[in-house]
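Colleague: Curious how this folds, go ahead:
(4 chains)
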Protein chains: 4
Amino acid sequence: MAQEKYIFMLEMKVRDYEIDSEGIVNNANYLHYLEHTRHEFCNMAGFSFRKMQENGIDPVLNRIEVDYKTPLRSGDVMLSKLWVEMKGVRFIFHQEIYNKMTGELSIKALVSCVCLEGGKLSRGEVLAEAFKQYL
Amino acid sequence: MAQEKYIFMLEMKVRDYEIDSEGIVNNANYLHYLEHTRHEFCNMAGFSFRKMQENGIDPVLNRIEVDYKTPLRSGDVMLSKLWVEMKGVRFIFHQEIYNKMTGELSIKALVSCVCLEGGKLSRGEVLAEAFKQYL
Amino acid sequence: MAQEKYIFMLEMKVRDYEIDSEGIVNNANYLHYLEHTRHEFCNMAGFSFRKMQENGIDPVLNRIEVDYKTPLRSGDVMLSKLWVEMKGVRFIFHQEIYNKMTGELSIKALVSCVCLEGGKLSRGEVLAEAFKQYL
Amino acid sequence: MAQEKYIFMLEMKVRDYEIDSEGIVNNANYLHYLEHTRHEFCNMAGFSFRKMQENGIDPVLNRIEVDYKTPLRSGDVMLSKLWVEMKGVRFIFHQEIYNKMTGELSIKALVSCVCLEGGKLSRGEVLAEAFKQYL
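Modeller: Residues are numbered from 1 along each chain as shown, chains lettered A, B, ... in the order given. Below you'll find the model as predicted:
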C-alpha cells in the first residue's frame, strides 16, 4: 500500500569508496544517497537546489530518522524512492532505499526540512506551489 | 540535569571540506562526527573498533534519530558528548554536539547499535562487560 | 589523437554534497570519480575489486598526478574516460574527465597502481592477463 | 635537510570512516588531510579561507602530485607538515604526512594553487603579502 505513494525513484550504484572496513556502506553515506534523491526530485519538479539558492530560499534539515535494515555492499545497485507531504511549515520526505537485485529494504527514513528565506523561517509557499502536484 | 549523564566528550574542529554550498556543515558529516565520537569512546574504554573486529564482533547501527538545531560553520569548534545505556540487545548512545564558542546546541542524536558475532545477532555480553562501568 | 586511445567511459552526475563552499566540486572528490571509473572499468573487464580481494590481490595506488582545468558545478554531468598501460610492475591509468554539456576538459590525471599479493609487491600477472585485451 | 624547511605542522588522528574495505585510508581522504593542513596554516598566518572569500579571493588548485608511500590505518596518528613558495602567480605547497608512531613517511605531495579575484586569475599579491614571512 504505502509503496503506491512513492512518486519519485532514482537508481544508484554503490561506489567502492562508500564502503568501510566492515565491507558495508558507511552509515553516513546513506544520508548522501537520501539527499541526492531529494535534490534530483526537486530538479524533476523544476526547482533545482541551485535555483532555490538564487531565489534566496535555503531548505535546511531539522530532523532525520533512519532505520537501517539490510546493508548495501560493493557492487550493489539501489532503488531510492520518496514521497513528500507538508505539515505546517515542514516538508516531510518519506524515503526508502531498496537493493535492486534482491528487493530487500535497505533503509527507511523520514526527513523533515524547513525553508529559510533571507535567513528567517518561511512558510514555504514558493516550494509548496512548485511541488503542489506532488503533495 | 541530562547534561550530568554525559561520560565522554571529544573536541573537534570543523574542516572546510565538510562545508557545503550553503556555507554550513553538510547533514551527513554530523554522522561522521557522531561515529568518530563513539569510536573514541570505545578506545577510551579499552575496546577499539579494530579490536572488536579481531574478536569477531561487528557493531552495526540499526536506527538513528538526529535533531538539527544550529548549524556549524567554517572555523567552528565543537564539543561532542555521549552517554550510553543498554536496552535488551541494543546499545543506545545519547549524543549531543555543542558549538564550543557560543555554547549553543548544534545537534542532538539517539543512535541505536546491535552487535553481530559471526554474522549473527549477539546479546552483546562482551561489550556490555567491557563497558559496564559506563552503563 | 590521444582521445582515440580511450577504451572506457563512464557518465556521472555531480551530486550537491560534493560541492564545497566555493560552489565547485571539492578537489578530493575528483579522486573518488577517478577511482569509481577505474573500478567500473575493472568490472567491465570481468575483474571486480571484490573479486580481486577474494583472490588475495590488493591493488594500491603509488602515485597520482592531477591537473585541474575547469571546475564542475552543481547539476553538471561528466564523462570520465580512461586507458591503461603497463610499465614494469605498475599499471598506469590515463584518465580525463569532461563536462558533457560544454565539452570542456575538467581534469586530466595519471594514476599509477601496483598489486600486492599476500601483502607483497606482485608482478601483476593475474591482472595483466585479465586486462590483456585492453593493454 | 628538506625537513628543516617545514614551517607548519598539524597533528590529526585517522577516523574510522576514512578507512576503506582494504583496511587503509582511502586515497581521496589524503587530499582532505592536505587541504585541512593548508587551511589551518592560512588561519595561523592570519588569513582564513572564510576571510579570503569575504575579500573576493578564491584560491583554487591547479595541480596536485601525490606519492603514496605507507598507508595509514585505523587508530594511526599523523603529523602533516608543509612549506610554501611562490613561482610566478602560483603558490606551491610542499606537503608531507608522517605516521607519528613509526616515523614513516606516509605520503609526499606537491600542491599548486592560484588565486582568483572576481573570477579572474590574480597575481596573488594580497596573499603573498599576508604570507611573506613564510615564503
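Colleague: any idea how far the helix or strand of chain A with the lowest mean pLDDT is from the chain center?
Modeller: Ranked by mean pLDDT, DSSP states H and E, the weakest helix or strand in chain A is helix A:49-54, scoring a mean of 81. Offset of helix A:49-54 from its chain centre (CA atoms, centre = their mean, to the nearest Å): 17 Å.
Colleague: How about residues contacting it?
Modeller: Outside helix A:49-54, the residues that touch it by CB atoms under 8 Å, 6 or more residues apart in numbering or on different chains are A:39, A:42-43, A:58-59, A:127, B:21-22, C:16, C:74-75. C-beta coordinates here come from the backbone N, C-alpha and C atoms, glycine included.
Colleague: Kindly report the same for stretch A:87-96.
Modeller: With CB under 8 Å, 6+ apart, stretch A:87-96 has contacts from A:5-6, A:34, A:37-38, A:59, A:62, A:80-86, A:105, A:107-115, A:121-124, A:127, A:131.
Colleague: Return the residue of chain A that is most distant from the centre.
Modeller: A:Ser21 (25.6 Å; CA atoms, centre = their mean).
Colleague: how about the residues of chain A near chain C?
Modeller: Applying CB under 8 Å from any CB of the partner chain, we find that chain A lies next to chain C at A:15-17, A:32, A:35-36, A:39, A:43, A:48-50, A:74-75.
Colleague: Flag every residue of chain A that's near chain B.
Modeller: Checking chain A against chain B by CB under 8 Å from any CB, the hits are A:21-22, A:24, A:26-29, A:31-32, A:35, A:49, A:53, A:58, A:60-68, A:71.
Colleague: Just the ones in strands from these, please.
Modeller: A:58, A:60-68 (DSSP state E).
Colleague: Name only those of these that count as buried.
Modeller: Among those, those classed as buried by 16 or more other CB atoms under 10 Å in any protein chain shown are A:58, A:61, A:63-64, A:66-68.
Colleague: Check pLDDT for those and point me to the minimum.
Modeller: Within those, pLDDT reaches its minimum at A:Asp58, with 86.
Colleague: what pairs with that one across the strands?
Modeller: With DSSP bridges as the criterion, A:Asp58 is bridged to A:Leu116.
Colleague: A:Asp67 now?
Modeller: A:Lys108, B:Arg63.
Colleague: same deal with the one 10 residues further on?
Modeller: Under the criterion DSSP bridges, A:Val77 forms beta bridges with A:Lys13.
Colleague: For A:Lys5, which non-adjacent residue is closest in space?
Modeller: Nearest residue to A:Lys5, sequence neighbours excluded (CB to CB, 6 or more residues apart in numbering or on different chains): A:Trp83, at 4.4 Å.
Colleague: I'd like to check which residues are in contact with the one you found.
Modeller: A:Trp83 makes contacts with A:5-8, A:93-94, A:134, as judged by CB under 8 Å, 6+ apart.
Colleague: Nearest to B:Lys100 among the contacts of helix A:49-54?
Modeller: B:Glu22 (21.6 Å; CB to CB).
Colleague: Tell me which residues touch that closest one, please.
Modeller: Contacts of B:Glu22 (CB under 8 Å, 6+ apart): A:53, A:58, A:60.
Colleague: closest to A:Asn99 among the residues you listed?
Modeller: A:Val60 (30.2 Å).
Colleague: what about the residue nearest to A:Leu31 when sequence neighbours are not counted, how many neighbours?
Modeller: Excluding the flanking residues, the one nearest A:Leu31 by CB to CB, 6+ apart is B:Ala28, at 3.7 Å. Neighbourhood size, B:Ala28 [other CB atoms under 10 Å in any protein chain shown]: 21.
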